[in-house]
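A.B. asks: Quick one: sequence and predicted model below, then my questions.
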Amino acid sequence: MHDGEPAACGDVTEDAMLDGRLRLVQPRKGHRAGSDAVLLAAACGAVGAETVADFGAGVGAVGLMVAALHPSCRVVLVENDPALAALARRNVVLNGFEGRFSVCEADILAPAAMRRKAGLSACSADLVATNPPFWPAGRVRNSPDAARRAAHVMADAALVGWLRAAADVLVPDGRLVLIHRADGLAGLLAALAGRFGDIVVRPVHPRPDRPAVRLLVAARRGSRAPLRLLPGFVLHEPDGRFTPEADAVHRGRASVAMG
């Protein structure tokens, strides 16, 4: 452990992401980065940006992968949990990204004045990437791990506040890219309404013959352009292997097209 690192971060693993291009220290138990984070980072790569804010960054997986895929961008990792923020800082150093990253310990759902005080400025990012907690209370079994619970469960009303904060941080015409559960589309569109348009939805299917389980969504702050629904992205072949497209994404060799 590094000096000053919270004791809660002691039981960690160091994992390779993007075919070894990125190393990620993360808790052994609790919420861990997986395909959702990889897909979100790949979708951000398709959009492109100079300054990226990773909302609810955890240990920094999404922002770090975006930086690994796009060497010119700068990234702000926004995380409220001090233990996870400490691991995010450790991961920035581990991957040699010190000059391109900052870690902002801020509560995304706090009033704007409190976010400003924590260092999260208005109109400071071209792109906000986020994998918000997308399970409503009661839909999943409560985890005994507080960090895992916070990463997975959020009231529907809180999503509106989460996206309001994203709009505040984005420059005019800036882009939001997020991943959400497929059956939450109606609530997500309602939460986006009034602040975002030019919404692009790409369903993510576990197999060709299965319903979508996730949605990759891109939206533009202040736009009134209509919604577009793209063809689905399929993760696995019938035999369980990654499809060629999914394999390329997980190896960091391709983006997920969002338009």
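C.D. replies: Everything's here; your move.
A.B. asks: Show me the shaky parts of the stretch 1-150 of the chain.
C.D. replies: For the stretch 1-150 of the chain, the stretches with pLDDT under 70 are 1-10, 134-150.
A.B. asks: those strands in it, which residues are they?
C.D. replies: 12-17, 22-27, 51-55, 74-78, 101-104, 125-130 (DSSP state E, counting those that start in this stretch).
A.B. asks: mind giving me a markdown table with the ones you listed and columns for distance to residue 232 and mean neighbour count?
C.D. replies: To be clear about C-beta, it is placed using only N, CA and C from the backbone, and glycine gets the same treatment. Output for those, formatted as a markdown table (distance: least, Cβ to Cβ, whole Å; neighbours: other Cβ atoms under 10 Å):
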| stretch | distance to residue 232 | mean neighbour count |
| --- | --- | --- |
| strand 12-17 | 24 | 14 |
| strand 22-27 | 27 | 20 |
| strand 51-55 | 25 | 27 |
| strand 74-78 | 29 | 25 |
| strand 101-104 | 33 | 20 |
| strand 125-130 | 21 | 25 |
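A.B. asks: Arrange the ones you listed in JSON lines, one row each, with distance to residue 225 as further columns.
C.D. replies: Output for these, formatted as JSON lines (distance: least, Cβ to Cβ, whole Å):
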{"stretch": "strand 12-17", "distance to residue 225": "33"}
{"stretch": "strand 22-27", "distance to residue 225": "34"}
{"stretch": "strand 51-55", "distance to residue 225": "22"}
{"stretch": "strand 74-78", "distance to residue 225": "27"}
{"stretch": "strand 101-104", "distance to residue 225": "30"}
{"stretch": "strand 125-130", "distance to residue 225": "17"}
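A.B. asks: right, and those - which one's nearest residue 182?
C.D. replies: Nearest of these to residue 182, taken as Cβ to Cβ: strand 125-130 at 16.8 Å.
A.B. asks: Packing partners of that closest one?
C.D. replies: helix 35-47, strand 51-55, helix 61-69, helix 156-169, strand 170-181 (3 or more Cβ pairs under 8 Å, 6 or more residues apart in numbering; DSSP states H and E).
A.B. asks: how about the ones you listed in JSON lines, adding distance to residue 16?
C.D. replies: JSON lines is the format used below for the helices and strands packed on strand 125-130 (distance: least, Cβ to Cβ, whole Å):
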{"stretch": "helix 35-47", "distance to residue 16": "12"}
{"stretch": "strand 51-55", "distance to residue 16": "20"}
{"stretch": "helix 61-69", "distance to residue 16": "11"}
{"stretch": "helix 156-169", "distance to residue 16": "30"}
{"stretch": "strand 170-181", "distance to residue 16": "21"}
